[in-house]
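Colleague: Just to be clear, the model below is a prediction. Sequence and coordinates:
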Amino acid sequence: MSKLLVTGGAGFIGANFVRHWRAHHADDTLVVLDALTYAGNRANLDGVADVDFVHGDIRDHDLVVSLLAGRGIDTLVHFAAESHVDRSIHGPDAFIDTNVIGTHSLLKAAKKVWLDSGTGQPHRFHHVSTDEVYGSLGPHDPAFTEMTPYQPNSPYSASKAASDHLVRAYTHTYGLQTTTSNCSNNYGPHQFPEKLIPLFLINALHGRALPIYGDGMQVRDWLYVDDHCRGIELTIEKGRVGETYNIGGGAELPNMTVIDTICQSVDAAFSRDPQLAARFPDAPAARGAATASLKTYVTDRPGHDRRYAIDETKARAELGYQAAHGFETRFAETLQWYLDNEPWWRAVISGEYRNWVDTNYGTR
Ligand code: NAD
Ligand code: TYD
């Protein structure tokens, strides 16, 4: 039986991970530490049995020490972060505070409890990172491997790169038992509607513009969130201490393909279900028009990375990891989740979120 502390467990991937872990490890202890920033949502954990939720900050070193020691934690899974590239361009400070200082606070606490106290307790610090630390690829460059040199281009990816280096240093210098996973773009239920897929879905339902950065031909590898959670689980169970593993979705697609899939899928959903027109009267699909009519080219994101691609040979060979389903199937399920869970996203698209979207996406 393991005792897990999950940081950022009320965010998108963290909450999906908590659900995944509870479903597959009924007897394990699950403690979630989350500061409930704009991206954190206690409701993301609704219905998950036996989760001990602690509202607190990863930078609160004493709190983290007391949780690790007091609850007998043996596995720390670290998701908590500022995670949106656009926000890092507008305000990088929070990214340094949370992603760099926050990760270091956790590492110091883990060292203190697991190493300095001399219990000799087996432990694991799993750090969740991103493929964005490797920088941008040209169209014919080979995909990122774990040996690809770091070349982060945004304040977000630079802060994640710094945190990855700190994790590595705590293993090499102090012997902390760490693993790191670098994954590609996640999508799925409970994703905060600032990232491409949920933002465009909700804008489409409201008849708002779909803001396409630049030419829309940037390429990402799309990873269904539950595949990612399984990849993390496999890394914790089978990964070698001190190693990093790339986790991808096997779906390298230009943004425009994803956007066209969103538009066509929304149109098809309205054709299948006449009630959607009554629920979302402002959607073009409600009056038989194409959702694609909302596509709007806007000024490109500064420093926009052109292409990410994941070589997951190592995760496949060492962990037995492979994404389970293709993009089309998982995207259809994701769209259905957003249609079925309108109260969830209605609750999050208010206040600060509305200001952010109006400021950054509304006027361009
Ligand atoms: P998210 O923004 O949805 O959630 C982040 C969570 O961290 C929120 O619940 C927030 O309240 C919490 N948090 C933020 N600052 C905190 C602090 N100081 N103390 C405690 N909690 C704090 O992020 P996500 O998309 O779920 O990403 C999770 C992790 O995965 C991040 O480390 C991110 O860098 C990484 N990642 C995400 C993606 C993606 O596509 N979303 C891709 C690659 C890597
Ligand atoms: P995003 O979901 O922000 O993830 P990341 O920047 O981590 O890859 O963006 C995915 C891609 O979609 C990225 O190339 C930027 C682009 N994009 C748009 O074209 N318009 C938008 O409004 C957003 C949010 C993203």
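Modeller: Alright, I've got the coordinates. Ligands and ions are numbered 1, 2, ... in the order given.

Colleague: buried ones in stretch 210-226?
Modeller: In terms of neighbour count (16 or more other CB atoms under 10 Å), stretch 210-226 has its buried residues at 210-213, 216, 218-226. The way it works is simple: take the backbone N, C-alpha and C, and place the C-beta from them, glycine included.

Colleague: For ligand 2, tell me whether that stretch is touching it.
Modeller: Yes: judged by CB under 6 Å from any ligand atom, stretch 210-226 and ligand 2 are in contact via 211, 212, 213, 218, 220.

Colleague: do you know how far residue 23 is from residue 48?
Modeller: Taking CB to CB, to the nearest Å as the measure, residue 23 and residue 48 are separated by 9 Å.

Colleague: Specify which residue of those two has the higher count of neighbours.
Modeller: Taking other CB atoms under 10 Å, residue 23 and residue 48 do not tie; residue 48 has more neighbours (18 against 12).

Colleague: ok, so what distance separates that one from residue 16?
Modeller: From residue 48 across to residue 16, the span is 10 Å (CB to CB).

Colleague: Same check on residue 136?
Modeller: Note on residue 136: its distance to residue 16, by CB to CB, is 27 Å.

Colleague: between the two, which one's more packed in?
Modeller: Neighbour totals were compared for residue 136 and residue 16, and residue 16 leads with 23 against 18 (other CB under 10 Å).

Colleague: Verify the contact between the more buried one and residue 224 for me.
Modeller: No: between residue 16 and residue 224 there is no contact under CB atoms under 8 Å: 9.7 Å.

Colleague: Low-confidence stretches in the stretch 251-364 of the chain?
Modeller: 351-364 (pLDDT under 70).

Colleague: And the residue of it closest to ligand 2?
Modeller: When you check the stretch 251-364 of the chain against ligand 2 by CB to the nearest ligand atom, the closest residue turns out to be residue 255, at 4.8 Å.

Colleague: tally of neighbours for that residue?
Modeller: 18.

Colleague: In contact with it: list those residues for me.
Modeller: Contacts for residue 255 (CB atoms under 8 Å, 6 or more residues apart in numbering) come out as 196, 212, 213, 216, 217, 218, 219, 220.
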